[in-house]
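Asker: all I have is the shape, not the residue letters:
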């Protein structure tokens, strides 16, 4: 089973995210970088499918040169190949990103054969555009479902056959059964991603990362500025300390009518 | 009682402690035990883990350290953790992969013996018995210490803090950010400012004392008071890998000894089912305090910075070599953890010299936290730490040049890799040299001077131009590389030449101060044990004592005028001594203080031919009548106005010559020229500081003379005590009443041949002095006999040692033993005086 | 005309759809255009009526017979066809999982830009839109250059509010679907739990790492049951394996909007906060007075949740008795 996972390098912030003085970007001076949580699960999901059905996982990212770190991380937990579409700066809106990724995927497939499954994160942790995977799937002419928290592949996972996917909804889940090649947008909760082992990390340094230049026409959405939302300053009413506050708490519940 | 914040933010306090990590908590805990009240503890982070280095510490203590302060405070700290039942003795093994490291482990065995810590050398198989998952094929052996402990530093901090809340009404404010530390800058004669308040985001507290226990942020807080605590936040990488069955099966936090893989600069420490792999082997990664994220900006905590895996890969590979199972375990958590590094590797404790009542409790790691908290609390209470002499950690030790970021960073960069390195006692720094440009540097370099750095000053240790002396005196290098390292037989040649002819020694690193004014002599007497109120032209060699009667300093004071006293002290103690003077001097205007160090250069001219050489350059009567010992005279040397001070630290007659800095080279040239026919040689500090000194048994501050010992024990007590009051007088009188229990003696090593038939040379690194049964010699205060100075005595042909032994063992001729590199060597007590020329006939000639 | 794509379930407009209509009314006013709505898959009267209550003047219904359940491709295709044939001036959907997906599918078909999770939009030659980043921790101002602006409004970014009630015209929309559009149609639905769910619960009892163990959630379960609510948790808790991911409140989990969120032992990391911030009221139980969750709460109890929660349970039982 040949699987491609598209990942994005994003800052790993704490409780407060700062913006650079000019508002153009997140101030990542103090921050490490990580892979968007949904995509970490996508990588894990892909690796598990390959462990079950054999095959190999390729990871693809579009971003600055440093994004190699995320490709190697994916390699350290089981991905076999990495492809970096190198771009710099902002100006890569979802439309443009999807176009560049599509070109890259077409190129990879021309060289190495078609992917049975392509996984995206449902949305990136930072931009949250909810559309790059959908656009790529559409451009490749493949079925695509978002919000996936469960994946199974029929047969040996390769060639003809189906992918059964679960999507969590309020109180249950929907089941989709789509033919391969397919594209899915997965969500955290699909699995608990493994951590890399030391040997995995060391091995990941040896994989070759293919580098492509990113080319695509600009999209219709352009950033003016990033800023923090105004926070409502509310005075917290302390109902008390320890168990003795229980009565005051229940008074509040009563007042709200939830008792 | 809980940690809940007090309702109202206070506006006044006796003491505000900033920082609620292990150090700040232990400071308030110990202050409470010493009776302090009205204390406030604040931290910018939440409790119990405010986000500093304590929160991510590996929390283990290896008690053996070559450095006395670090070893004893580490042990003290380990015991405090044990007393609180927040410690487990896991044991620990330092494994060696190289022969050099095996030799170092022998040295560790020696230090373990010195401090009375149980330790064993293990074969690889024995290591594997204790730690079955070690690959014994990659190691040559191990150093096992069963009392290596793992502690709960966060809980210890909480317990100490709660104790202070309960017993002393300590008020605690978390999430309280310090915005400013306010000082009273009204000019005072002592040049010091005074701390008055701490401004926080919750309000301002007027306070008498402020303690900075802010770990990696300490320098930033000090900067608010316009002063420095020279430290830099540095990364120590740590990864938690697991789970592993063999570890999980122990069913506890730690069931296997901690392994320090010294040659790869790594440790492996079990933490429940996982292994923490820590590294000191990566490149030095330093951060400015302002680069540390706030609690809310940080993904983990401010001091758990994003892991940079590229820096860790080499360590991973070597760790897997030692423990194959690590390779398959998952890296669950990995950080670039921050800790504090200082320019000289020692902590920053005590009162900050330029700001009264502003205290530093910084650059302290978890392993020393409780002990160092006690040091600072005692210092604040008694005026000196009682638990141990802390001169090496005294924040006053730094010179101006050592406080710059440039210096701190360069030194931290150079020293980081030495954390697990094999560091020779005489090892010199590679970078940041010649911070003070001495007047003779060009001339000394032309003579091939090998410079040794003393804090910021450079002193020639020997001159390669004197290599011919090696042949003249039939000298050779030492057999063992370690003994030969940072040493040259030339220094022996210079010594013998000085004894035969004469030598010229650069003493410009001397720190020279002057007290002036109607109260100067009285104040000088208040500092000194011996009487300073002597006739103009006379000098006094005297201890300065702590309030407890131990040594603070030992130096020379000269009456250079009716109302002027000059103080001359060594370069290692300059910062501390200047601070001591400023701290105690009256502020009523009766005394002014001047530092003349950069105005006066000093040369030492000694040897039997010294008088003949100097006589060519001056008309003064240089006989013992015209220039008596212990007196100075103003004289013109080669046309330059100098002070000739007849004194000696090497055992031969001669002078210290004080020369105006800008004319110093004239005198240097003239003396060397005049000495040509008298066999004069520019001579290095190896003779002055070591071989000449030890042959005479002259004591040195920081070696023989520490606050744990008094003048009686050091053999420096005079028959009578002067009438005038002085610091430590009461304690000194009581000590005289009680009598000395130990004596400072010189010992000669009777046979320095090791088990392989090689001649060995002790380095003076706290080697234990043992009785004939090989047992430690300990007095009733728990002080152990150890080598305070060791050196080869060329004029005697033996290695000499100095140290304290109990009275009954101090008799000349007593047979004892010294351990060096884990082997015992026989030695004999020479006595408390000089091994060479005990009658001082050479000084009188 | 502003066209709002409505999401419905079992003959009811979902809350997010009501929010979209509320958001859309304001937007249509700014545009000076009519507000119209689109129903896909069903044109039940109850839905049309509800759309009217929220101000839709016309409702376009596309319900091809072959479309028996949700299909992202089919829905996306229908919206794209509506854009082409109805020629709306802009299209808005709600920022739910489905709403964003359908708009992305439509945008992909139209090769047009799409702005997800808007909080504010200013029409113009180029639209000026403020949108959610980082799940709401940051906002991004963007310009949108498009023939027909496509956007969703952030979930819970406005409180739904009925408008001047309309009696909308219903216009059947004749959508053409081909076989490929039906490939992604839901094949099966599995109901796992009946009753109140995390996204809709009136009371959510959330627990963080401070709960201490999987078993520790028993007390929160008991309190939630007593109050007719559900248990939620922080990401740390799901990563520790104490609760299933479906209980996770946060940016990568569920966004809740209960009457009251009782957060116990949760520090309030941003990842969690953005999932909880739509709660109408928050009560925090924490030992740390300065914890982010406490600072942002309406009420707080300072103390150990293991003491406080059982006391609350007892008090609730006492009053209910």
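Answerer: Thanks, I have it. What you are looking at is a predicted structure, and each value in this text was computed from that prediction instead of being measured.

Asker: next one: phi and psi at residue B:554?
Answerer: Here is the backbone geometry of residue B:554 (degrees, to the nearest 10): phi -150, psi 110.

Asker: hang on, isn't it packed against residue B:702?
Answerer: No: counting by CB atoms under 8 Å, residue B:554 stays clear of residue B:702, with 9.6 Å between them. The way it works is simple: take the backbone N, C-alpha and C, and place the C-beta from them, glycine included.

Asker: more crowded one of these two?
Answerer: Comparing residue B:554 with residue B:702 by other CB atoms under 10 Å in any protein chain shown, the one with more neighbours is residue B:554, at 25 against 18.

Asker: centroid residue for chain C?
Answerer: In chain C, the centroid-proximal residue (CA atoms, centre = their mean) is residue C:155; its distance is 4.0 Å.

Asker: for that residue, helix, strand, or coil?
Answerer: Judged by DSSP: H, G, I helix; E, B strand; the rest coil, the three-state class of residue C:155 is coil.

Asker: what sits against the residue nearest to it when sequence neighbours are not counted?
Answerer: Of all residues not flanking residue C:155 in the chain, residue C:95 sits nearest, at 4.6 Å (CB to CB, 6 or more residues apart in numbering or on different chains). By CB atoms under 8 Å, 6 or more residues apart in numbering or on different chains, the contact list for residue C:95 reads C:16, C:116, C:117, C:118, C:132, C:152, C:153, C:154, C:155, C:157.

Asker: same list, those, but as a markdown table with pLDDT please.
Answerer: As requested, the contacts of residue C:95 are exported to a markdown table (pLDDT from 0 to 100):
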| residue | pLDDT |
| --- | --- |
| C:16 | 94 |
| C:116 | 97 |
| C:117 | 97 |
| C:118 | 97 |
| C:132 | 95 |
| C:152 | 98 |
| C:153 | 97 |
| C:154 | 94 |
| C:155 | 91 |
| C:157 | 89 |
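
Asker: which of these sits closest to chain A?
Answerer: Closest approach between those and chain A, by CB to the nearest CB: residue C:116, at 4.4 Å.

Asker: my guess is residue B:789 contacts residue B:702, does it?
Answerer: No: look at residue B:789 against residue B:702 with CB under 8 Å: they stay out of range, at 10.1 Å.

Asker: identify the residue spatially nearest to residue C:51, adjacent ones excluded.
Answerer: Nearest residue to residue C:51 in three dimensions, chain neighbours excluded: residue C:37, at 4.5 Å (CB to CB, 6+ apart).

Asker: OK, contacts around the one you found?
Answerer: By CB under 8 Å, 6+ apart, the neighbours of residue C:37 are C:3, C:4, C:5, C:6, C:21, C:51, C:56, C:58, C:59, C:60, C:168.

Asker: and it, helix, strand or coil?
Answerer: strand.

Asker: tell me the domain ranges of chain C?
Answerer: Listed by automatic domain parsing, the domain ranges of chain C are C:2-182, C:203-320.

Asker: among those, show the one with the smallest mean pLDDT.
Answerer: Here the lowest mean pLDDT among the domains of chain C goes to domain C:203-320, at a mean of 92.

Asker: from one end of stretch B:533-552 to the other, what's the distance?
Answerer: The first and last residues of stretch B:533-552 sit 20 Å apart, counting by CA to CA, to the nearest Å.

Asker: so for it, mean pLDDT?
Answerer: Mean predicted lDDT for stretch B:533-552 stands at 96.

Asker: can you check stretch B:105-113 too?
Answerer: Over the span of stretch B:105-113, the pLDDT mean works out to 97.

Asker: contact partners of that stretch?
Answerer: Contacts of stretch B:105-113 (CB under 8 Å, 6+ apart): B:64-66, B:71, B:94, B:96, B:118-119, B:121, B:141-143, B:145, B:765-768, B:770, B:776, B:819-823.

Asker: please list all residues in contact with residue C:34.
Answerer: Residue C:34 neighbours (CB under 8 Å, 6+ apart): C:1, C:2, C:28, C:57, C:58.

Asker: from those, which ones fall inside strands?
Answerer: Secondary structure defined by DSSP state E assigns C:2, C:58 of the contacts of residue C:34 to strands.

Asker: report the two of the contacts of residue C:34 separated the most.
Answerer: Farthest-apart pair in the contacts of residue C:34 is C:28 and C:58; separation 11.9 Å (CB to CB).

Asker: what about these two, which has more around it?
Answerer: residue C:28 (25 against 20).
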